[in-house]
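**Student:** got a sequence here, can you model it:
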Amino acid sequence: SEILRPHFVNSFAESPSVIAVARSLDPAETTGLRRAVETGAHVLLVLTNAGMAQTLADLTGMESTPQLTERDDNYALLQKVDFDHPKLRGFRDPRWRDFTGVHFWKHRDIDPEALPEGAQVIAEFDDGSPAWFSMGSVFVMTAGWQPEDSQLALSSKFLPLLFSIFADAGTEIGSP
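**Tutor:** Modelled structure (predicted):
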């Protein structure tokens, strides 16, 4: 396995093995990202606004663009977290599985029926909308970790969660 040494790339032609996307992509970028996924890249797509619906649809091959609705009427909590999913197995131990202290101030609501074929909902918000879902090597979060979206980055679970999302990319954590 290779050592994970994060760095920014200017294009997908540089063949990154793990990619985090938190903004809308233009069609050329989406095409490049889909090619990267087809050649083994792992993607974390963080829906930071409702305008990312087209990027979600294009990246996952959805037949139509889903409607994303901004939700910021109160805070939301995670529920129905699937600790048996490969991305979250490291959190199965009762000492690590409690996400109730993480408040989400905003999230993008998507109808579960609009999710692409084969999508697996890994966690829901307490309003029943998908919080995290995956499709193969694409992991989608409907809320970010920026302070205006949530407290996730302040949680002791944040870094282990990111590493578990990318663990099957065959990387280990290393230092320069």
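**Student:** only C-alpha atoms for contact and neighbour calcs from this point on.
**Tutor:** Fine.
**Student:** now the residue most central in space within the chain. Its backbone dihedrals?
**Tutor:** The residue lying closest to the centre of the chain (Cα atoms, centre = their mean) is residue 140, at 3.0 Å. Dihedral pair for residue 140: phi -110, psi 130, per degrees, to the nearest 10.
**Student:** spatially nearest residue to it, not counting backbone neighbours?
**Tutor:** Once flanking residues are discounted, residue 140 sits nearest to residue 45: 4.7 Å by Cα to Cα, 6 or more residues apart in numbering.
**Student:** show me the helices in the protein, by range?
**Tutor:** With DSSP state H, the ranges of helices along the chain come out as 27-38, 53-60, 158-166.
**Student:** please work out which of those is packed deepest.
**Tutor:** helix 53-60 (a mean of 20; mean count of other Cα atoms under 10 Å).
**Student:** let's see that helix as PDB, backbone CA atoms only.
**Tutor:** Output in PDB follows, covering the C-alpha atoms of helix 53-60 (Å, rounded to 0.1, in the frame of the first residue of the first chain):
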ATOM      1  CA  ALA A  53     -27.400  19.000  -7.600                       C
ATOM      2  CA  GLN A  54     -26.100  18.800 -11.100                       C
ATOM      3  CA  THR A  55     -22.700  17.800 -10.000                       C
ATOM      4  CA  LEU A  56     -24.200  15.000  -7.900                       C
ATOM      5  CA  ALA A  57     -26.300  13.800 -10.800                       C
ATOM      6  CA  ASP A  58     -23.400  14.000 -13.300                       C
ATOM      7  CA  LEU A  59     -20.900  12.300 -11.100                       C
ATOM      8  CA  THR A  60     -23.200   9.400 -10.000                       C
END
